[in-house]
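Student: return atomic coordinates for the entry below.
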Amino acid sequence: MSSLDLKVHRANFLSIKDMVHDLDIGEGKWDAIFDSLSKSAESIYFYGTRRWVKDGDFEELALSLGEECMIDEDPDHRSILFRLKPISMMFHRKSLSKIWLYYEYPSIIFLRDIKEEVKLVEILEGTKHYYSDIIEILNGVTIIYQSFELNVLWMQCSMGLDLPVR
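Tutor: Residues are numbered from 1 along each chain as shown. Here you go, the predicted structure:
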């Protein structure tokens, strides 16, 4: 992780800056983080908003990675939430990194308890769907996401959960 610069902002909030280039979550340098988060999650979701890349590969990629789609806004998939197949994080992160690039605001949500899924969908379908709202309302959730800086991965988790890196 020498090419990654980690900064803890609060007990449950950190950023990881790729010092070499824009984010590519499919690279091996992210393995330890994704492995740690995946092991502690009962279910994992991809959530993307503001799709800005449109091509024919999207549908095939989403179908290959996703287990169940909960939110799919309009035919252009402007916003989408789908549960990832468990194998996707371990063996298909390169494909997941391609889906990541389709959205201005991509994220991966790790839930420790799948029972929180209904609340997650309600939050994201509603008007309050900032990551801080999700963290505040749900128990046992960790969210990694990209914001304005294309080389920074942000991570937030529910209070009481340990961040997988320090």
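
Student: got a list of what residue 97 touches?
Tutor: By Cβ atoms under 8 Å, 6 or more residues apart in numbering, the residues touching residue 97 are 24-27. C-beta here means a position set from N, CA and C on the backbone, and glycine is covered the same way.

Student: so which of those residues comes closest to residue 121?
Tutor: Of all the contacts of residue 97, residue 121 sits closest to residue 25, with 23.2 Å by Cβ to Cβ.

Student: let me know the secondary structure of the nearest residue to the closest one once chain neighbours are set aside.
Tutor: Setting aside the residues directly before and after it, residue 25 is nearest to residue 97 in space (Cβ to Cβ, 6 or more residues apart in numbering), at 4.7 Å. Under DSSP: H, G, I helix; E, B strand; the rest coil, residue 97 falls in the helix class.

Student: bridging residues for residue 49?
Tutor: Per DSSP bridges, the residues bridged to residue 49 are residue 79, residue 105.

Student: and it, what does it touch?
Tutor: 78-79, 103-105.

Student: by neighbour count, which of those residues wins?
Tutor: With neighbours taken as other Cβ atoms under 10 Å, the top of those is residue 103, carrying 22 neighbours.

Student: right, and that residue touches residue 46 too?
Tutor: No - applying Cβ atoms under 8 Å as the test, residue 103 and residue 46 come out as separate, 9.0 Å apart.

Student: from residue 44, how far out is the residue nearest to residue 141 when sequence neighbours are not counted?
Tutor: Counting by Cβ to Cβ, 6+ apart, residue 141 lies nearest to residue 158, which is 5.1 Å off, once chain neighbours are set aside. Taking Cβ to Cβ, to the nearest Å as the measure, residue 158 falls 15 Å from residue 44.
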